[in-house]
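> sharing a model that was predicted from the sequence below.
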Amino acid sequence: MTNHIKLYFLMRHLQNILMIVLIVAISAGTYSCKSKKKLAAQEAAAAQARKIAKVKADLEELLSDRSTMTLDEKEKKLQVIKDMNIEDPEVKELIVQVDQKLAREREAMVATERAEQLRREREERLRKEGGGDKSLSGYFSAISSSNNLATSNRLIEEALQLFASDDVPVLIIISQAGPEKDYDRPTTIRKYLEYLKDQKVNRNTVDNVIYDANGKITELELIKK
């Protein structure tokens, strides 16, 4: 075999080796690229799962009564979660539930504020119209100290205007240990006012008052002086 022929076969052999090396390199690069894409996709999925889990936990806290946030803070946090636009069925359902809960809390707050405003306006109007102390405690004192039957009856009717009805329950606390309270036999506001008129004694003070949305008293707690 001549030198030319030997050189020819050597060059062909080298070309084949280079081709194999090139194919291996391309294959390795392609595999590495696919592996990186797969890893990136797995990391993104894990991050999204952690994000959804955190959002669910936040929503469940808003849905519970454990949160110490104000109503405004709760509403702002819910809006932040809504703006994330998370496409998860459970998250969407929790958002609906929290939305409804906060709406109820807002309605209750507005009703309470309205009732308090009406109460203050009513007491102010009574003071301007009749003079003297026309607060609930003032009525109790005036009725029990009045020696005129007509005056006592008039004061009773005026005081009853502060209540949702004549049958509003009156609870009298006779002892209290922390949150635990012991009550005397329950009565109604009309019966209690009649008792003040007849017995001429006012042994109790106002401890707690509950109002309805119209500012009328729906429950009264008194405590012995």
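Thanks, I have it.
> partners of whichever strand or helix holds S175 in the sheet?
In the assignment (DSSP states H and E), S175 maps to strand 169-177. Sheet pairing here is set by DSSP bridges, and for strand 169-177 it gives strand 180-183 (antiparallel), strand 187-188 (antiparallel), strand 217-224 (parallel).
> pipe those into a markdown table and attach mean neighbour count, distance to L78 and mean pLDDT per row.
C-beta here means a position set from N, CA and C on the backbone, and glycine is covered the same way. Shown next, in a markdown table, are the strands paired with strand 169-177 (neighbours: other CB atoms under 10 Å; distance: least, CB to CB, whole Å; pLDDT from 0 to 100):
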| stretch | mean neighbour count | distance to L78 | mean pLDDT |
| --- | --- | --- | --- |
| strand 180-183 | 12 | 36 | 85 |
| strand 187-188 | 16 | 43 | 96 |
| strand 217-224 | 18 | 31 | 91 |
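> stretch 65-82: which residues count as buried?
74-75, 77-78, 81 (16 or more other CB atoms under 10 Å).
> what does stretch 94-111 give?
For stretch 94-111, by 16+ other CB under 10 Å, it's 94-95, 98, 101-102.
> mind checking which of those residues are in helices?
94-95, 98, 101-102 (DSSP state H).
> pLDDT on stretch 95-111, on average?
What stretch 95-111 shows for mean pLDDT is 90.
> and that stretch, how far from the chain's centre?
7 Å (CA atoms, centre = their mean, to the nearest Å).
> what's in contact with it?
59, 62-63, 71, 74-75, 78, 81-82, 213 (CB atoms under 8 Å, 6 or more residues apart in numbering).
> before we move on, the earlier item: dump the strands paired with strand 169-177 into TSV; add distance to E90 as well.
Shown next, in TSV, are these (distance: least, CB to CB, whole Å):
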stretch	distance to E90
strand 180-183	41
strand 187-188	49
strand 217-224	39
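> closest to R203 among the buried residues of stretch 65-82?
Nearest to R203, judged by CB to CB, of those is K74 at 43.3 Å.
> how about the contacts made by the closest one?
By CB under 8 Å, 6+ apart, K74 lies in contact with 62, 67, 102, 105.
> quick one: neighbours of the residue lying closest to E116 once chain neighbours are set aside, just the number.
Excluding its sequence neighbours, the residue lying closest to E116 (CB to CB, 6 or more residues apart in numbering) is Y211, at 7.1 Å. Using other CB atoms under 10 Å, Y211 is surrounded by 20 other residues.
> so Y211 is in contact with L220, correct?
No: using CB atoms under 8 Å, Y211 is not in contact with L220; the gap is 10.3 Å.
> buried stuff in stretch 161-179?
162-164, 168, 170-173.
> which stretches of the protein have low pLDDT?
1-36, 40-41, 44, 119, 122-134 (pLDDT under 70).
> okay, now the domains of it?
The chain is divided into the following domains under automatic domain parsing: 53-131, 132-224.
> I86 - that's part of a helix, no?
No: counting by DSSP: H, G, I helix; E, B strand; the rest coil, one finds I86 to be coil, located in no helix.
> that one: how many residues sit nearby?
When neighbours are counted by other CB under 10 Å, I86 registers 16.
> same check on the one 4 residues further on?
The tally of other residues near E90 (other CB under 10 Å) stands at 12.
> that older thread, so which of the strands paired with strand 169-177 is nearest E113?
strand 217-224 (16.3 Å).
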